[in-house]
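J.: my questions are about this predicted structure, shown below with the sequence.
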Amino acid sequence: MELDANVQKVLLALLRKWKLLVIVALIGAAAGYFYTANFTTLTYSSSVEFLAYATDGNDEINSTASAEVVRSSNTSKMNYAMKMMDTYIEIMKTNEFAKDLADDLNTTYNANYTANSVMGTYSIVDVEGTAMFRVSVTTTSADLSYKIAKQLETTIPKMMKEKNNGLVRATVEDRAVKASSARSLGYPKKMIISTAIALVIAAAYIILRTLLDVRVKSSDELTEKYSIPVLGEIPNFESRVMQQNTTTKGAKRNG
């Protein structure tokens, strides 16, 4: 398959400038390393995992019902809990919930946290296909991350008990653990990204310069562009003079 003339021109230009591209790639990698080392803050994470379950107040009925009825009831409860998960996750993202969390922290630790200080420190992810969800807390302090995660073990079940007449509640399945080390700064990832950005910018510059350059650089290019024969060509006298001077100097040294 024949390539378009412009595509060939661009590819040749990129090949000719391979040294420049390598240098730019190294500069991009160095910039990524420098940025990561000097402008990225160490963070610590603690997480707690919950199981959501539905209640209907008919447990006394279930105790006398057949096993099949109980299984059907439990399945329906689980499906309902899973269906309601998105709603409760959105509630946990509200300022009102952040305020309740801050108040609980202040009561537990005799502190002075605000909704703004805890908002954004945690993220909630539901485990697909289950009624379980995980809350991860990330801050610049291992102690603070653990305190917030630990507090969530009681604040979230309390909130779910109070909302929607307590039809869906939560139990802690995996308790918070204090982070023993900081999360990785991600040097490889950030260096790859900065290298890719640098290469894209350099390649774009080379391509634009090549495509916008309308100068004819050889008789072959002139013939190919206009489909007419070249009758004459002005020699490059400057190049010949330089070549002759070089030859003369070499002969004198040998003589």
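T.: Looks like it came in fine.
J.: going forward, measure contacts and count neighbours with C-alpha atoms only.
T.: Will do.
J.: now the residue positioned nearest the centre of the chain: how far from residue 21?
T.: Among the residues of the chain, the one closest to the centroid is residue 189, at 9.0 Å (C-alpha atoms, centre = their mean). With distances defined as C-alpha to C-alpha, to the nearest Å, the gap from residue 189 to residue 21 amounts to 20 Å.
J.: the stretch 151-255 of the chain: helices as residue ranges?
T.: When secondary structure is read from DSSP state H, counting those that start in this stretch, the stretch 151-255 of the chain shows helices at 187-212, 219-226, 237-254.
J.: please work out the average pLDDT along the second one.
T.: On average, the pLDDT along helix 219-226 is 64.
J.: which elements pack onto whichever strand or helix holds residue 21?
T.: When secondary structure is defined by DSSP states H and E, residue 21 falls within helix 18-39. Using 3 or more C-alpha pairs under 8 Å, 6 or more residues apart in numbering; DSSP states H and E, the elements in contact with helix 18-39 are helix 187-212.
J.: ok so, going back, using PDB, write out every CA atom in the helix or strand following the helix holding residue 21.
T.: Sequence-wise, the next helix or strand downstream of helix 18-39 (DSSP H and E) is strand 44-54. Presented in PDB, the C-alpha positions along strand 44-54 are these (Å, rounded to 0.1, in the frame of the first residue of the first chain):
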ATOM      1  CA  TYR A  44      -1.700   7.800  53.900                       C
ATOM      2  CA  SER A  45      -4.800   5.700  53.500                       C
ATOM      3  CA  SER A  46      -7.100   3.700  55.800                       C
ATOM      4  CA  SER A  47     -10.200   2.000  54.700                       C
ATOM      5  CA  VAL A  48     -13.200   0.300  56.200                       C
ATOM      6  CA  GLU A  49     -15.600  -2.100  54.500                       C
ATOM      7  CA  PHE A  50     -19.400  -2.400  55.200                       C
ATOM      8  CA  LEU A  51     -22.200  -4.800  54.300                       C
ATOM      9  CA  ALA A  52     -25.600  -3.300  53.700                       C
ATOM     10  CA  TYR A  53     -28.600  -5.300  54.500                       C
ATOM     11  CA  ALA A  54     -32.400  -4.700  54.400                       C
END
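J.: tell me the mean pLDDT over strand 44-54?
T.: Mean predicted lDDT for strand 44-54 stands at 94.
J.: that strand: how far from the chain's middle?
T.: A distance of 23 Å separates the centroid of the chain from that of strand 44-54, by C-alpha atoms, centre = their mean, to the nearest Å.
J.: about what we covered before: worst average pLDDT in the helices of the stretch 151-255 of the chain?
T.: Taking the mean pLDDT of these, helix 237-254 comes last: a mean of 60.
J.: got a list of what the spatially closest residue to residue 133 that is not a sequence neighbour touches?
T.: Of all residues not flanking residue 133 in the chain, residue 126 sits nearest, at 4.0 Å (C-alpha to C-alpha, 6 or more residues apart in numbering). Applying C-alpha atoms under 8 Å, 6 or more residues apart in numbering to residue 126 gives the contacts 85, 132-134.
J.: same check on residue 136?
T.: Residue 136 makes contact with 45-48, 122-124, 149, according to C-alpha under 8 Å, 6+ apart.
J.: and residue 212, how many neighbours does it have?
T.: One way to gauge burial is a neighbour count; for residue 212, by other C-alpha atoms under 10 Å, it gives 9.
J.: what of residue 104?
T.: By the criterion of other C-alpha under 10 Å, residue 104 has 19 neighbours.
J.: for residue 75, same thing?
T.: Around residue 75 there are 13 residues (other C-alpha under 10 Å).
J.: check residue 178 too.
T.: 17.
J.: residue 203 too?
T.: Counted with other C-alpha under 10 Å, residues neighbouring residue 203 total 20.
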